[in-house]
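Undergrad: Predicted coordinates and the sequence they were generated for:
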Amino acid sequence: QVQLVESGGGLVQAGDSLRLSCATSARAFSSYTMGWFRQAPGKEREFVAAISWRGGSTFYADVVKGRFTISRDNAKNTVYLQMNSLKPEDTAVYYCAMFSGALVPGVPDINDFRYWGRGTQVTVSS
């Protein structure tokens with residue numbers, strides 16, 4: 001069973017930065033597209049960012065574009081989400097997820113992501 005463990009969440013003020021990490025136990029980690037999603041209270045889980053197998057391609061939700069950066073270290077089986085200029089509306093539980101298909105332009109289908117972590121809470125105060 002593949003495990004994903006997120007870390008790095010916390011309580012910050014608007015304008016601050018956080019770096020989330022997601023470590024996985026998956027073999028052949030470099031064969032998976034990785035994604036970050038988030039879910040705020042009372043809202044559906046939404047896409048944040050995704051990165052291709054080797055990190056050559058990335059895609060972001062419009063609401064985080066220019067502020068968040070997704071990256072991966074295949075040697076460490078880890079994907080990261082650098083979040084800058086955080087806003088109160090970024091408050092949510094952040095989840096990482098794995099998808100065995102290729103990253104194509106456009107918002108990935110959440111249902112394509114087979115493995116999920118349990119999430120890490122990010123709270124941004126105004």
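TA: Everything's here; your move.
Undergrad: Roughly how far does Ile23 sit from Met34?
TA: Quick fix: residue 23 reads Ala, not Ile. For Ala23, the distance to Met34 equals 11 Å [Cβ to Cβ, to the nearest Å]. Just so you know, the C-beta spots here come from the backbone N, C-alpha and C atoms, and that holds for glycine as well.
Undergrad: These two: which is more packed in?
TA: With neighbours defined as other Cβ atoms under 10 Å, Ala23 and Met34 compare such that Met34 has more, 30 against 18.
Undergrad: pretty sure that one contacts Val48?
TA: No. Met34 lies out of contact with Val48 (Cβ atoms under 8 Å); the separation is 11.3 Å.
Undergrad: Where does the prediction get shaky in this protein?
TA: For the chain, no stretch has pLDDT under 70.
Undergrad: now with 90?
TA: Applying pLDDT under 90 to the chain flags the ranges 1-2, 26-31, 54-56, 100-108.
Undergrad: What ranges does it have for its strands?
TA: 4-7, 10-13, 18-24, 33-39, 46-51, 58-60, 68-73, 78-83, 92-99, 115-116, 120-125 (DSSP state E).
Undergrad: what packs against the longest one?
TA: Spelled out, it's strand 92-99. strand 4-7, strand 18-24, strand 33-39, strand 78-83, strand 115-116, strand 120-125 (3 or more Cβ pairs under 8 Å, 6 or more residues apart in numbering; DSSP states H and E).
Undergrad: How about the residue nearest the centre of the chain, nearest residue that isn't a chain neighbour?
TA: The centroid of the chain falls nearest to Trp36 when counting by Cα atoms, centre = their mean (2.0 Å). If the residues on either side of it in the chain are set aside, Trp36 comes closest to Val48, at 4.3 Å by Cβ to Cβ, 6 or more residues apart in numbering.
Undergrad: swap in Lys43?
TA: Ala92 (7.9 Å).
Undergrad: if I look at the one you found, how far off is Asp73?
TA: Distance from Ala92 to Asp73, by Cβ to Cβ: 24 Å.
Undergrad: Likewise for Gly117?
TA: 16 Å.
Undergrad: what about those two, which has more around it?
TA: Gly117 (21 against 13).
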